[in-house]
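1. Build me a structure from this.
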Amino acid sequence: MSEKRLVLSKTVQAVITLIAVLFLNLGIVFSAVYILFHLLEYYNPHSFIYANMPWLPIVIPILFVLSVLLFDFLRICGAFKNRHFNKTRMMLIILCDLILFAALSLTLYMKTCTTSLVDLNTIEEYTLPTPVSVDPQTPIPVTDYEPTDDEPTNNEPEPALFTPVPTKEPVVIPLSEKFPEKFSETPTEQSYDKSNVIETLSDGTEKALVYTYSGKNAAVDICHYQNGKLEYQVADIYVRDANCFKTNYSISYHHNQNTQFYAAQIDAIVSTNGDNFNSGKIEDGIVIRNGAQLYPKDGSKQTKFTRDLCVLFSDGSMRVYDCVLDTIDYDEILSNYPRQAFYFGPSLLNPDGTAKTKFNSSLGKVNPRTVLGYYEPGHYALVVVLGTRDMIDYRGKNHGNGKSPGMTLIELSALCEDLGFSMAYNLDGGGSSSMVWNKTVFGHNDRTHSDILAVVDP
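-> Model prediction:
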């Protein structure tokens, strides 16, 4: 007895064939678009995709799989029997689809693993301009950098990506004496063993004091928190002068370094990684470092914001701007003497200090985290959360060996609410996340980055 085969009418066959061909061609077109953006943005392959088409990496393989399934369904139903579309030709189509899909996957993997890697031979070299700033910032000199085997060893000047432009005349606004007991005319510091638990919180988290510093203008207490495998540290910071918050950075991605390198140059009490502003991922927004505007370049006015913005002002106040809900006025920001402006995000708290559940970011999955927290003028916090990373970076390091699971943005937001911040801002995370104090490093710190946020005692 012969096996019954599903017979489709010619109209149904034509419709299914049309849909399958449409899926296949859309998959090819989307793949071409995706690869094209990788090639055009060689040092930042994901910036446009993540900002404008975050669905694209998911849709492409779905289209290929659907097209193959539909063609297979038509072949099984005998649709190509009388059209000289035999099994061999069908297998060739499927093979081509699989090869294309494999090529796409390989491209995505390679580009993901080399996001921070730049082909220096493609950069036109020119003389490094002398930075001009209300708080002079010297870029990392070439003599402090040891080139790897595959990098040029000549002494040609490194091209500058950003030239500091003063935002306004220098201004120093002392903060009111709200916390006189925190400071000391004679600087003192002390490190402690994190095994000496000083408090167990209601959820079982163990809190241990690991470092204290008290100086004339700045005071810092760093506590280590652990709940099971989850680990994070919080630096509780008091300052008398907003200038105690200082950034150190490299204006060239060729000379990016890790957190302790930058911290040692400015004798930081405590420091964390910043927003990695020169990674190539900035297409709009404002970047200000130590009172000087780095982006937009040449002091140009900015009107476009696709990320949340965080600004530290000279009076010690901090403002986090929601790029969707808030009107971000460039002129207003510059009129209030901004000292630092970070452009990464997202904002983690609502205006009333409660935790957010929706964010202007696609980076919501579990990850190592770095946060700038704000209580009131003169009182701040820096937070670093350890976390595993399920990928191997461009240096071949496996980020999945850590013990702490990290946090999602929702979990991080809830933590910031529990810590009592009135505002909180997410900085660069992942392999950059790190906190450095008294020659001690907490965090991953296995990826070089462009900048740090540090507390100094001038």
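
2. quick check: domain ranges of the chain?
-> 10-113, 126-455 (automatic domain parsing).

3. The residue nearest to Gly420 when sequence neighbours are not counted: what's it in contact with?
-> Sequence neighbours aside, Tyr375 is the residue nearest to Gly420 in space, at 6.8 Å (criterion: C-beta to C-beta, 6 or more residues apart in numbering). Any C-beta I mention is one placed from the backbone N, CA and C, and that applies to glycine too. Going by C-beta atoms under 8 Å, 6 or more residues apart in numbering, Tyr375 touches 381, 420-422.

4. Quick check: Glu206 touching Ser195?
-> No. Counting by C-beta atoms under 8 Å, Glu206 stays clear of Ser195, with 9.4 Å between them.

5. more neighbours, the two?
-> Glu206 (16 against 9; other C-beta atoms under 10 Å).

6. Find the residue closest to the more buried one in space, skipping its chain neighbours.
-> Nearest non-adjacent residue to Glu206 (C-beta to C-beta, 6+ apart): Val197, at 4.7 Å.

7. Next, count neighbours for the nearest residue to Asn278 once chain neighbours are set aside.
-> Spatial nearest neighbour of Asn278, chain neighbours left out: Ser450 (4.2 Å); criterion: C-beta to C-beta, 6+ apart. For Ser450, the tally of surrounding residues (other C-beta under 10 Å) stands at 29.

8. Could you check how far Ser450 is from Val441?
-> Relative to Val441, Ser450 is positioned 18 Å away (C-beta to C-beta, to the nearest Å).

9. Can you tell me which of the domains of the chain is most buried?
-> Highest mean neighbour count among these (mean count of other C-beta atoms under 10 Å): domain 126-455, with a mean of 19.

10. Mean pLDDT added to the domains of the chain, as CSV?
-> What follows is the domains of the chain, written out as CSV (pLDDT from 0 to 100):
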stretch, mean pLDDT
domain 10-113, 65
domain 126-455, 83
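
11. mind listing the helices for the stretch 151-300 of the chain?
-> In the stretch 151-300 of the chain, the segments counted as helices under DSSP state H, counting those that start in this stretch are 259-265.

12. where along the stretch 101-250 of the chain do the strands fall?
-> Applying DSSP state E, counting those that start in this stretch to the stretch 101-250 of the chain gives strands spanning 165-166, 188-191, 197-200, 206-214, 218-227, 230-239, 245-249.

13. circling back to that earlier point, the residue nearest to Asn278 touches Gly280, doesn't it?
-> No. Counting by C-beta under 8 Å, Ser450 sits too far from Gly280 to count as a contact (10.0 Å).

14. anything in contact with each of those two?
-> With C-beta under 8 Å, 6+ apart as the test, Ser450 and Gly280 both reach Tyr253.

15. quick one: Asn278 and Thr448 touch, right?
-> No. Using C-beta under 8 Å, Asn278 is not in contact with Thr448, being 11.1 Å away.

16. overlap in contacts of these two?
-> Common contacts of Asn278 and Thr448 (C-beta under 8 Å, 6+ apart): Asn256.

17. Please export the C-alpha coordinates of stretch 434-451 as PDB.
-> Output in PDB follows, covering the C-alpha atoms of stretch 434-451 (Å, rounded to 0.1, in the frame of the first residue of the first chain):
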ATOM      1  CA  SER A 434      36.700  47.600  39.100                       C
ATOM      2  CA  MET A 435      37.300  49.500  42.300                       C
ATOM      3  CA  VAL A 436      40.800  50.400  43.400                       C
ATOM      4  CA  TRP A 437      42.000  51.700  46.800                       C
ATOM      5  CA  ASN A 438      45.300  51.600  48.700                       C
ATOM      6  CA  LYS A 439      46.800  49.400  45.900                       C
ATOM      7  CA  THR A 440      44.000  46.900  46.200                       C
ATOM      8  CA  VAL A 441      41.800  46.000  43.300                       C
ATOM      9  CA  PHE A 442      38.300  44.700  43.600                       C
ATOM     10  CA  GLY A 443      36.500  43.700  40.400                       C
ATOM     11  CA  HIS A 444      37.400  42.200  37.000                       C
ATOM     12  CA  ASN A 445      39.700  44.900  35.700                       C
ATOM     13  CA  ASP A 446      40.800  42.700  32.800                       C
ATOM     14  CA  ARG A 447      39.700  45.000  30.100                       C
ATOM     15  CA  THR A 448      41.500  48.300  29.400                       C
ATOM     16  CA  HIS A 449      39.200  51.300  29.200                       C
ATOM     17  CA  SER A 450      39.400  55.000  28.700                       C
ATOM     18  CA  ASP A 451      38.700  56.700  32.000                       C
END
